[in-house]
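Novice: sequence? don't have it. structure:
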């Protein structure tokens, strides 16, 4: 999965300027963080409203949040490498 996401990100950003990359990456990171926040908010609301909690639903919500968080971490690593590569290219 990591290699597939890495290849997808490379393709997405291959012909993009550094400044545009940073802006797009920030948008992507905020979007992923929003998914995690929404998932946690849903769980908190379920608990506060004392709803009958379906464990399968909780599991699904948590899986979505964890996957989004994992993707955010991968994107951060990719961004760090992209920035490093761009810096090295400028220094050459």
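Specialist: Perfect, I can see it now. A quick note: this is a predicted structure, and the numbers were derived from the prediction, not measured.
Novice: Burial check on the residue nearest to residue 25 when sequence neighbours are not counted, number of neighbours?
Specialist: Of all residues not flanking residue 25 in the chain, residue 79 sits nearest, at 5.0 Å (C-beta to C-beta, 6 or more residues apart in numbering). C-beta here means a position set from N, CA and C on the backbone, and glycine is covered the same way. When counting by other C-beta atoms under 10 Å, one arrives at 19 neighbours for residue 79.
Novice: how much distance is there from the host helix or strand of residue 79 to the middle of the chain?
Specialist: In this assignment (DSSP states H and E), residue 79 forms part of helix 55-91. Centroid separation between helix 55-91 and its chain, computed with C-alpha atoms, centre = their mean, to the nearest Å, is 4 Å.
Novice: Use 57 as the first number for this chain going forward.
Specialist: OK, 57 is where the count begins now, so the last one is helix 111-147.
Novice: which parts of it are buried?
Specialist: 117, 121, 124, 127, 128, 130, 131, 134, 135, 138 (16 or more other C-beta atoms under 10 Å).
Novice: Closest to residue 70 out of these?
Specialist: residue 138 (10.1 Å; C-beta to C-beta).
Novice: what about the closest one, distance to residue 101?
Specialist: 37 Å (C-beta to C-beta, to the nearest Å).
Novice: pLDDT below threshold where in the chain?
Specialist: Applying pLDDT under 70 to the chain picks out residues 57-58.
Novice: Residue 80 is in contact with the residue nearest to residue 81, correct?
Specialist: No - shown here, residue 135 and residue 80 do not form a contact pair, counting by C-beta atoms under 8 Å, at 9.9 Å.
Novice: Just want the most central residue of the protein.
Specialist: Closest to where the C-alpha atoms of the chain average out (C-alpha atoms, centre = their mean) is residue 128, at 2.6 Å.
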